[in-house]
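Participant: Need coordinates for the following:
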Amino acid sequence: DLGEDLGHAGETMSLGCPGNASGSPRKSWKRCLGRGKSGRPCLDCCPRDPAPDKAADNGWMDSELTLLKLTALENDKNSDLEKKEGRIDDLLRANCDLRRQVDEQQKMLERYKERLNKCVTMSKKLLIEKSKQEKMACRDKSMQDRLRLGHFTTVRHGASFTEQWTDGFAFQNLIKQQERINSQREDIERQRKLLGKRKPPSATQTPSPNLEQNKRKSRSNGQENETLSLAEYHEQEEIFKLRIGHLKKEEAEIQSELEHLERVRNLHIRELKRIHNEDNSQFKDHPTLNDRYLLLHLLGKGGFSEVYKAFDLTEQRYVAIKIHQLNKNWREEKKENYHRHACREYRIHKELDHPRIVKLYDYFSLDTDSFCTVLEYCEGNDLDFYLKQNKLMTEKEGRSIVMQIVNALKYLNQIRPPIIHYDLKPGNILLVNGTACGEIKITDFGLSKIMDDDSYSSADGMELTSQGAGTYWYLPPECFVVGKEPPKISNKVDVWSVGVIFYQTLYGRKPFGHNQSQQDILQENTILKATEVQFPPKPVVTTEAKAFIRRCLAYHKEDRVDVLQLASDPFLMPHIRKTLGNSAPMPPPVPSTSSCYSSSASD
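Facilitator: Coordinates of the predicted model:
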């Protein structure tokens, strides 16, 4: 038996083990695993009990299964490791590619930035050159208009000097033409009086016995006072009538030309003042504010602010920049109040987004005594300037403007919290294209009131804490009431302002305190006495328009409609107006004294 076992072992060894089995048993075990056909370890390299029993044989079976699993796991792990190493190599190569792409993109970005900076620099250069050319052209035109339209001269009065306006040759020529017409009219009137003395007697009137004697005396004296025949008299009378008619036509043309020259002179005076203010401004040399806004030219100047047309280099658009400059001699408390007031206006205006309201883009400080607000730029003038140039407009044009104003007020009262503008007037209504037949935008929210829950009551309104501020011609009577407590106001303040503005566009004058100053209005209680609005006979305005104005200008605020009621007024609703027009025909509108295509200079 032992020989058979040894024979089997030798067979197994000869089949599964290498010829040389040197080294340690652990190493030999590792070398011979899986090499024999039976998969069992050989006798030379693997220690084995010389007399195995069944238990030992079962142990070898368990060892064979465990080794096979370990081998499979090791192979799987090696395969996974190779795959991961390959994946790592792929990721490293991808990472290198991405780094190379990032470097290329970074270099490209730097090139684009450099190119963009060059474009911005060139844009600034071109804009400045264009602005300088426009400034030069404006000054050349102003110098030419000085001779034609007039100029300011400095006149000394005692120890003081004042500026006095002197008209140019265009006005002087019109004055000479007017004097010539007056002289010719006087001459014609004198000749007509002489003609009346030579009027022949009528057929029913008996001739005077001294008629022939007077004729002979007149001929002997060389005078032409003899009585004319009826045909000669009517002939001369017709000539005089024609001459008078021609002079009237000439006078009307001169008057029309004079009115046109006065409008042009107003533009000229405005431009002279603008140029003077621009030349004395510290921002006249095209600075770039906040590393973004390139100032181009001055639009206007107020008490403590200047408004410039500027170009936004970041957004590539024109803007209007209002530069607030505080008086350096003010106390710090007053400066702080002014700055707080401006910040409050900025916070109110910044949140507004409506096509009929000028947008506020930005706000920033320049130094301790000045700061800026950046507004949407509009090419046209304001309604106040238009009315000064054209006096009034047609009812259709005025209604269109009022509809747009009310639309903006409706938006202000539908947002939360609602807002009272409080300073609606023609100067705060911009005509986008400078004419009365286009779009408008409301601006200047410096006196606006926020109707929040803490200060506003739907029944009583809110307290007017800034009594005395505002433009008195456009404020309702409740703003002038003086008592122990501040008066209560609501959005009906803006409704009153709408009525005054509409009246002014139709009649060319304010309904209350037209030729009065603000001080006179306050001292004489003009608005407190404005219990009823009066309409002049000319120009003719429809009864619907008058009724609308009366609803806006109701003396007691309890009787006055609010903004939301005004927005649904039949006068402002086209389909309702058409229905009312079919039942009760409206008078035809009066022809306009100004065309919506008339040109208006940019502010």
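Participant: ranges for the strands of the stretch 301-450 of the chain?
Facilitator: All strands of the stretch 301-450 of the chain, identified by DSSP state E, counting those that start in this stretch, fall at 305-312, 317-325, 360-367, 370-376, 419-420, 429-431, 440-442, 449-450.
Participant: what's the closest of the ones you listed to residue 338?
Facilitator: strand 317-325 (7.7 Å; C-beta to C-beta). C-beta coordinates here come from the backbone N, C-alpha and C atoms, glycine included.
Participant: In this structure residue 470 contacts residue 479, no?
Facilitator: Yes. Counting by C-beta atoms under 8 Å, residue 479 is a contact partner of residue 470 at 7.0 Å.
Participant: Would you mind getting the angle between the helix or strand hosting residue 75 and strand 317-325?
Facilitator: Under the criterion of DSSP states H and E, residue 75 resides in helix 54-149. For helix 54-149 against strand 317-325, the angle by axes from the mean of the first three to the mean of the last three C-alpha atoms, to 10 degrees is 70 degrees.
Participant: what pairs with the following helix or strand past helix 54-149, and is each one parallel or antiparallel?
Facilitator: Downstream of helix 54-149, the first helix or strand assigned by DSSP H and E is strand 150-157. Here strand 150-157 is paired, per DSSP bridges, with strand 160-167 (antiparallel).
Participant: sorry, back to before: specify the angle between the helix holding residue 75 and strand 305-312 in degrees.
Facilitator: 130 degrees.
Participant: quick one: the helices in the stretch 301-450 of the chain?
Facilitator: 332-350, 383-390, 395-414 (DSSP state H, counting those that start in this stretch).
Participant: out of those, nearest to residue 550?
Facilitator: helix 395-414 (14.2 Å).
Participant: I'd like to know which elements the closest one is packed against.
Facilitator: For helix 395-414, the packing partners by 3 or more C-beta pairs under 8 Å, 6 or more residues apart in numbering; DSSP states H and E come out as strand 419-420, strand 440-442, helix 492-507, helix 543-552, helix 563-567.
Participant: Make CSV from the ones you listed and add mean pLDDT, distance to residue 409 and mean neighbour count to it.
Facilitator: Below are these laid out as CSV (pLDDT from 0 to 100; distance: least, C-beta to C-beta, whole Å; neighbours: other C-beta atoms under 10 Å):
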stretch, mean pLDDT, distance to residue 409, mean neighbour count
strand 419-420, 92, 9, 24
strand 440-442, 95, 8, 23
helix 492-507, 96, 5, 24
helix 543-552, 95, 12, 18
helix 563-567, 94, 5, 19
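Participant: residues in contact with stretch 144-158?
Facilitator: For stretch 144-158, contacts defined as C-beta atoms under 8 Å, 6 or more residues apart in numbering pick out 161-171, 261, 264-265, 268, 272.
Participant: sorry, that was for stretch 285-300
Facilitator: By C-beta under 8 Å, 6+ apart, stretch 285-300 touches 124, 127-128, 131, 134-135, 274, 277-278, 281, 283-284, 306-314, 319-321, 362, 364, 366, 372, 374, 603.
Participant: ok, back up a step: okay if I get the helices and strands packed on helix 395-414 as CSV plus distance to residue 450?
Facilitator: Formatted as CSV, the helices and strands packed on helix 395-414 follow (distance: least, C-beta to C-beta, whole Å):
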stretch, distance to residue 450
strand 419-420, 6
strand 440-442, 16
helix 492-507, 14
helix 543-552, 23
helix 563-567, 15
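Participant: so which of the ones you listed gets nearest residue 428?
Facilitator: strand 440-442 (6.3 Å).
Participant: Any idea how far the closest one is from the middle of the chain?
Facilitator: 7 Å (C-alpha atoms, centre = their mean, to the nearest Å).
Participant: Give me the buried positions along the helix or strand hosting residue 193.
Facilitator: Element membership of residue 193 [criterion: DSSP H and E] is helix 169-197. By 16 or more other C-beta atoms under 10 Å, the buried positions in helix 169-197 come out as 170, 171, 174, 177, 181, 188, 195.
Participant: Now do it, average pLDDT.
Facilitator: The average pLDDT for helix 169-197 rounds to 91.
Participant: Tell me which other helices or strands that helix touches.
Facilitator: Going by 3+ C-beta pairs under 8 Å, 6+ apart, helix 169-197 lies up against helix 54-149, helix 230-279.
Participant: Low-confidence ranges, the stretch 451-600 of the chain, go.
Facilitator: Applying pLDDT under 70 to the stretch 451-600 of the chain picks out residues 453-460, 575-600.
Participant: If we use 50, what do you get?
Facilitator: The model of the stretch 451-600 of the chain has pLDDT under 50 over residues 583-600.
Participant: now the strands for it?
Facilitator: 462-463, 488-489.
Participant: ok, and what's touching the first one?
Facilitator: Counting by C-beta under 8 Å, 6+ apart, the neighbours of strand 462-463 from elsewhere in the structure are 449, 451, 455, 456, 485, 486, 487, 488, 489, 490.
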